[in-house]
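*Asks:* Sequence first, then the predicted structure:
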Amino acid sequence: MRKPLIAGNWKLHKTLAEAQELARTLKDKLQDEQRCELVIAPPFTALAAVAEICRDSPLQLAGQNCYPATEGAFTGELSPTLLQDAGCHYVILGHSERRQLLGETDTFINAKVQAALAAGLKVILCVGENLAQREDGELFDVIATQMRLGLAEITSAQMAEVVIAYEPVWAIGTGRTASADQAAEVHAFIRGLLQGQFSSEVSESTRILYGGSVKPDNISSLMAEPDIDGALVGGASLDSASFVAIAHYP
Ligand code: PEP
């Protein structure tokens with residue numbers, strides 16, 4: 001019922017030429033993919049060129065961030081509309097690197113979620129606890145707060161355009177993956193939150209991705225969990241063979 005989604009977050013990697021080369025390889029290798037929805041998030045500078053390459057392929061584009069305004073005096077920022085203009089269908093919001101390094105709050109992230117949905121972009125909203133929060137027993141409080149504030153004012157109808165990504169911060173870029181059991185526990189918790197915040201229908205239809213050192217050798221055990229609907233992949237999405245292997249998980 002929920003189509004799996006495999007998304008690659010290229011972060012601050014790839015020159016224009018490198019991004020084009022990776023996109024061409026992915027298009028070639030994933031042209032016939034139908035089981036999963038496929039999304040890649042190149043750096044902003046490569047979006048338009050990669051969109052051109054990915055035309056008529058299963059690969060959709062995501063921005064890695066956006067600003068919650070249509071236009072104006074916001075130096076260095078990009079609106080949801082400009083992302084769409086560059087060929088994006090999705091935007092990744094609330095990534096832990098932006099929360100940690102750039103001080104993004106749940107309220108600011110919520111403004112972005114609202115702006116993106118209003119403009120017609122789909123949203124991948126990232127939530128996740130850091131190691132200290134997990135060790136202090138705050139895991140479920142942290143996730144509940146990020147979900148409640150990040151999705152404030154969002155309607156059940158709009159949730160059809162929202163994907164949640166559970167990304168434990170201690171597993172991002174560390175090579176330390178949450179075990180399938182650890183991930184499944186939090187995914188089930190998030191599904192319960194969606195039911196309380198919206199409805200059973202929203203809870204059952206919303207895709208919840210896992211992110212945090214996903215690799216070809218751990219994707220299958222994660223995808224075997226009924227509440228895990230795909231992956232948000234960082235490092236392993238920079239290499240075409242790894243990303244293709246993840247997308248083609250057995
Ligand atoms: C990410 O950046 O969203 C991520 C999960 O990174 P990595 O796969 O490298 O841990």
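*Replies:* Looks like it came in fine.
*Asks:* contacts and neighbour counts: CA atoms only from here.
*Replies:* OK.
*Asks:* Please list the residues of the chain that sit near the ligand.
*Replies:* N9, A171, I172, G173, G211, G212, S213, V214, L232, V233, G234, G235 (C-alpha under 6 Å from any ligand atom).
*Asks:* ok, 5 Å please
*Replies:* Contact residues (C-alpha under 5 Å from any ligand atom) of the chain with the ligand: I172, G173, G211, G212, S213, V233, G234, G235.
*Asks:* now the closest residue to the second one other than its chain neighbours: how far from D239?
*Replies:* Spatial nearest neighbour of G173, chain neighbours left out: S213 (5.8 Å); criterion: C-alpha to C-alpha, 6 or more residues apart in numbering. Separation of S213 from D239 (C-alpha to C-alpha, to the nearest Å) stands at 14 Å.
*Asks:* Of those two, which one has the most company?
*Replies:* More neighbours surround S213 than the other of S213 and D239, with 25 against 13 (other C-alpha atoms under 10 Å).
*Asks:* Report the backbone C-alpha coordinates of the lengthiest helix in the chain in PDB.
*Replies:* Looking across the chain with DSSP state H, the single longest helix is helix 180-197. Output of helix 180-197 as PDB, limited to C-alpha atoms (Å, rounded to 0.1, in the frame of the first residue of the first chain):
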ATOM      1  CA  ALA A 180      16.300  -2.900  12.600                       C
ATOM      2  CA  ASP A 181      14.700  -3.400  16.000                       C
ATOM      3  CA  GLN A 182      15.700   0.000  17.300                       C
ATOM      4  CA  ALA A 183      14.500   1.700  14.100                       C
ATOM      5  CA  ALA A 184      11.300  -0.300  14.100                       C
ATOM      6  CA  GLU A 185      10.500   0.700  17.600                       C
ATOM      7  CA  VAL A 186      10.700   4.400  16.800                       C
ATOM      8  CA  HIS A 187       8.900   4.000  13.400                       C
ATOM      9  CA  ALA A 188       6.000   2.400  15.300                       C
ATOM     10  CA  PHE A 189       6.000   5.200  17.800                       C
ATOM     11  CA  ILE A 190       5.900   7.800  14.900                       C
ATOM     12  CA  ARG A 191       3.000   6.000  13.400                       C
ATOM     13  CA  GLY A 192       1.200   6.200  16.700                       C
ATOM     14  CA  LEU A 193       1.900  10.000  16.800                       C
ATOM     15  CA  LEU A 194       0.500  10.400  13.300                       C
ATOM     16  CA  GLN A 195      -2.700   8.700  14.400                       C
ATOM     17  CA  GLY A 196      -3.100  11.000  17.400                       C
ATOM     18  CA  GLN A 197      -2.100  14.100  15.500                       C
END
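*Asks:* Show me what counts as buried in that helix.
*Replies:* The neighbour-count check on helix 180-197 (16 or more other C-alpha atoms under 10 Å) flags 180, 183-184, 186-194, 197 as buried.
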